[in-house]
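K.L.:
my questions are about this predicted structure, shown below with the sequence.
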Amino acid sequence: MTRKTVNNELIAKLEGLLEEYFSSNKSIEQGIPTVQYLAQQLHISASYLTDMLRLQTGENTQHFIQQKIIEKAKEQLSVTNLSVSEVAYGLGFGHPQSFNKLFKAKTNMSPLAFRKSFPQPMK
């Protein structure tokens with residue numbers, strides 16, 4: 001019972017850490033956050049973080065990071081006029097093609113197709 005509470009708090013801290021990482025431009029400076037970086041920030045081992053996440057959510061840390069990236073990308077693609085390349089660089093990708101590949105693998109549509117699915121504001 002106690003471990004479950006601690007793990008839920010750890011997941012909340014992880015989500016907050018990722019939110020802060022992307023909103024503070026660390027992704028532009030340091031690239032996509034790594035499992036090791038997140039574990040270090042949470043003061044736990046990378047293997048413990050992965051085991052705990054897998055137990056609580058059924059996914060590993062890398063997948064959790066990728067889901068957060070897709071969430072942020074969808075947000076930016078739907079409410080900003082940033083180009084797909086600008087979104088990719090802002091999320092820490094060195095090459096927009098890598099971002100496009102990940103986005104398409106996770107959503108079954110390209111970032112551009114995702115953006116076009118939203119009504120465009122009148123100019």
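P.N.:
Noted; the coordinates are in hand.
K.L.:
which residues of this structure score low on pLDDT?
P.N.:
Residues of the chain meeting the criterion pLDDT under 70: 1-6, 120-123.
K.L.:
80 instead?
P.N.:
1-7, 118-123 (pLDDT under 80).
K.L.:
quick one: Leu17 from Leu91, how far?
P.N.:
Leu17 is 15 Å from Leu91, where distance means C-beta to C-beta, to the nearest Å. Every C-beta, even on glycine, is put in place using the N, C-alpha and C of the backbone.
K.L.:
comparing those two, which shows the higher neighbour count?
P.N.:
Between Leu17 and Leu91, Leu91 has the larger neighbour count (other C-beta atoms under 10 Å), namely 21 against 15.
K.L.:
mind listing the helices for the chain?
P.N.:
Secondary structure of the chain, counting by DSSP state H: helices at 2-23, 26-30, 35-42, 46-57, 61-79, 84-90, 96-107, 111-116.
K.L.:
next, the buried residues of the shortest one.
P.N.:
By neighbour count, and taking 16 or more other C-beta atoms under 10 Å as the criterion, the buried residues in helix 26-30 are Ser27.
K.L.:
name the residues that touch it?
P.N.:
20-21, 33, 37, 89-92 (C-beta atoms under 8 Å, 6 or more residues apart in numbering).
K.L.:
buried ones only from the residues you listed, please, as a PyMOL command.
P.N.:
Here is the PyMOL command that selects only those of the contacts of helix 26-30 that count as buried (16+ other C-beta under 10 Å):
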select buried, resi 21+33+37+89+90+91+92
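K.L.:
which one of the contacts of helix 26-30 is nearest Thr107?
P.N.:
Nearest to Thr107 among the contacts of helix 26-30 is Leu91, at 14.2 Å by C-beta to C-beta.
K.L.:
since that was my last question, I'll sign off now.
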